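Q: Please work out how this folds:
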Amino acid sequence: MSLLEKLENRTATVGVVGLGYVGLSLAIEFARAGYKIIGIDINDEKVAKLNAGRSYVMDVPSDVVSKLVAEGRLVASSDYSQIANMDSISICVPTPLRSKSKDPDLSYILDAVSKIRKHLHAGQLVVLESTTFPGTTTEVIQPILEESGLSVGKDFYLAFSPERVDPGNVQFQTRNIPKVVGGVTEDCTRHARTLYGNCLDRVVGVSSTDVAEMVKLLENTFRSVNIGLVNEFALLCNSLGIDVWEVIDAASTKPFGFMPFYPGPGLGGHCIPVDPLYLSWKAKVNGFHPRLIDVAVQVNQDMPQHIVRKVREALKPLKKDLKGSKILVIGVAYKRDTDDVRESPALEIIHLLDQEGAKVEFSDPFVRFLQSNGSRLSSRTLSEKELAEADCVLVVTDHTSVDYELVARHAPVVIDTRNALKDFSGENIHRL
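A: So this is what the prediction gives:
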């Protein structure tokens, strides 16, 4: 039976390498569609939890995992030799930036692909989902896999399909978010579209892996640039004594030609803070300087420093300095109603406050513990006493379950970076 037939009739064994937010959600949809799934992850704790039927991703309920494991449709392993038993492999590993140079770090992809190559055989489909710069699939991954002696489009199939996971989004999840797919050859695209088409509501085919890679970067660079614009607008409005939130609300009444974006303490998550830098790096390698992208990145990266300045200014009327002041940070996840702290601006803000000698605590209903500057912080329960004892309360994430009326009534000073206290007023409340 051909690979295409296995994919069509769902008798194929599908592998997912990297079982984080993206990989686990994808594995669940594959399994729900009837495929047998083997998940590969180097984290033994994740593997053990999945095989015990427990989820560690907020958007994936444990009862769903438990059912699929009990039915034998989902198995997790740290053994890459399992690749030999797979008909299709989706790669969902992290693609961070190098800490100092801020250049793309493909080490996780290179490690995964090198291990896959050792067990690659004819009649397999390999799909990269990890966000990266245009050309990665054909210029980096294809040569490594072809070191096996197999040829793309003839012996095995290779494609790119950008992940579009939005943690905490109850309306749009893996199944109903349109899936873009581009293969190295037409046959590669056909095989990938068949796989994803059996699991997801809509698949959008494009002409190449380069196009598919660029789609993801455009999506998130679009957001980065517009957030950079509105963050700069917030700084400008602040200098003019204008409420930027009122400006945005009024502008949003225009029924065409305007899309509202909102300012905040910086960018967070696994995509928007990182993807524009992947694109910028690739552009510069090819002799093109993306000025608008770089300026937006800088504006967004500077927001945590601006927030710390706001805290310092708000403490002056109380004749207090940052050094020695108790700062209570509300919300350390990068977005509301999720436990995801990846690249959260709260982490940088806490680091900067620590450097200034402030005593920092945090409260987040979704995050129990946080590592900061070598220390382990525990989430505090919001109470009148906790709020009153803080010299300043800093709202970084606007979780819907937080009692902001309590915050407005009892915090001596509040810096609201998310307009969470829009329904309250008082001399103690300072907005972004």
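Q: Looking at the helix or strand containing R190 now, give me its mean pLDDT.
A: Element membership for R190, per DSSP states H and E: helix 186-197. Helix 186-197 shows a mean pLDDT of 98.
Q: Quick one: name whatever helix or strand follows that helix.
A: strand 203-205.
Q: tell me which residues in that following strand are buried?
A: Neighbour-count burial for strand 203-205 flags V203, G205 (criterion: 16 or more other C-beta atoms under 10 Å). (Each C-beta comes from the backbone N, C-alpha and C, glycine too.)
Q: Does anything pack onto the helix holding R190? Which helices or strands?
A: helix 3-9, strand 125-128, strand 157-160, strand 179-183, strand 203-205 (3 or more C-beta pairs under 8 Å, 6 or more residues apart in numbering; DSSP states H and E).
Q: which outside residues touch that helix?
A: Residues outside helix 186-197 that contact it (C-beta atoms under 8 Å, 6 or more residues apart in numbering): 3-4, 7-8, 12, 14, 88, 125, 127, 152-153, 157-159, 161, 179, 181-183, 203, 205-206.
Q: what do you get if the cut-off is 6 Å, keeping everything else the same?
A: 4, 7-8, 88, 125, 127, 153, 157-159, 179, 181, 183, 203, 205 (C-beta atoms under 6 Å, 6 or more residues apart in numbering).
Q: Make JSON lines out of the helices and strands packed on helix 186-197 and add mean pLDDT.
A: As requested, those are exported to JSON lines (pLDDT from 0 to 100):
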{"stretch": "helix 3-9", "mean pLDDT": "97"}
{"stretch": "strand 125-128", "mean pLDDT": "98"}
{"stretch": "strand 157-160", "mean pLDDT": "98"}
{"stretch": "strand 179-183", "mean pLDDT": "98"}
{"stretch": "strand 203-205", "mean pLDDT": "98"}
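Q: The ones you listed: which one's closest to N428?
A: strand 179-183 (47.5 Å; C-beta to C-beta).
Q: Show me the shaky parts of the stretch 51-200 of the chain.
A: Across the stretch 51-200 of the chain, nothing is flagged by pLDDT under 70.
Q: ok so, going back, quick check: which of the helices and strands packed on helix 186-197 is nearest to R418?
A: That would be strand 179-183 among those, by C-beta to C-beta, at 30.8 Å.
Q: Against which helices or strands is that closest one packed?
A: strand 157-160, helix 186-197, strand 203-205, helix 209-240 (3 or more C-beta pairs under 6 Å, 6 or more residues apart in numbering; DSSP states H and E).
Q: that older thread, from the contacts of helix 186-197, which would you call buried?
A: The buried subset of the contacts of helix 186-197 - by 16+ other C-beta under 10 Å - is 4, 7-8, 88, 125, 127, 157-159, 179, 181, 183, 203, 205.
Q: Mind putting the residues you listed into a markdown table with distance to K320?
A: Listed next are the buried ones among the contacts of helix 186-197 as a markdown table, based on distance: C-beta to C-beta, whole Å:
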| residue | distance to K320 |
| --- | --- |
| L4 | 69 |
| L7 | 64 |
| E8 | 68 |
| S88 | 59 |
| L125 | 61 |
| V127 | 55 |
| Y157 | 63 |
| L158 | 59 |
| A159 | 57 |
| K179 | 52 |
| V181 | 56 |
| G183 | 60 |
| V203 | 57 |
| G205 | 60 |
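Q: quick one, phi psi at T13?
A: Phi and psi for T13, reported as degrees, to the nearest 10, are phi -90, psi 120.
Q: how many neighbours does it have?
A: 16 (other C-beta atoms under 10 Å).
Q: before we move on, what about V170?
A: If we define neighbours as other C-beta under 10 Å, then V170 has 8 of them.
Q: Confirm that it sits in a helix.
A: No: looking at V170 with DSSP: H, G, I helix; E, B strand; the rest coil, it is coil, so not inside a helix.
Q: Is it possible to get JSON lines of the helices and strands packed on strand 179-183 that adds distance to F369?
A: JSON lines is the format used below for the helices and strands packed on strand 179-183 (distance: least, C-beta to C-beta, whole Å):
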{"stretch": "strand 157-160", "distance to F369": "36"}
{"stretch": "helix 186-197", "distance to F369": "36"}
{"stretch": "strand 203-205", "distance to F369": "39"}
{"stretch": "helix 209-240", "distance to F369": "28"}
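Q: most packed of these?
A: Highest mean neighbour count among the helices and strands packed on strand 179-183 (mean count of other C-beta atoms under 10 Å): strand 157-160, with a mean of 29.
Q: Contacts made by that one with the rest, please.
A: 125-128, 137, 152, 181-184, 188, 191-192, 209, 212-213.
Q: Okay, the spatially most distant residue from the centre of the chain and D391: tell me how far apart.
A: Most distant residue from the mean C-alpha position of the chain: K319, 39.7 Å away (C-alpha atoms, centre = their mean). Shown here: K319 relative to D391, a distance of 11 Å by C-beta to C-beta, to the nearest Å.
Q: Over to P134?
A: According to C-beta to C-beta, P134 and D391 sit 48 Å apart.
Q: same check, this time on E356
A: 13 Å.
Q: So between these two, which is more surrounded?
A: The neighbour count for E356 versus D391, taken as other C-beta under 10 Å, is higher for D391 (21 against 16).
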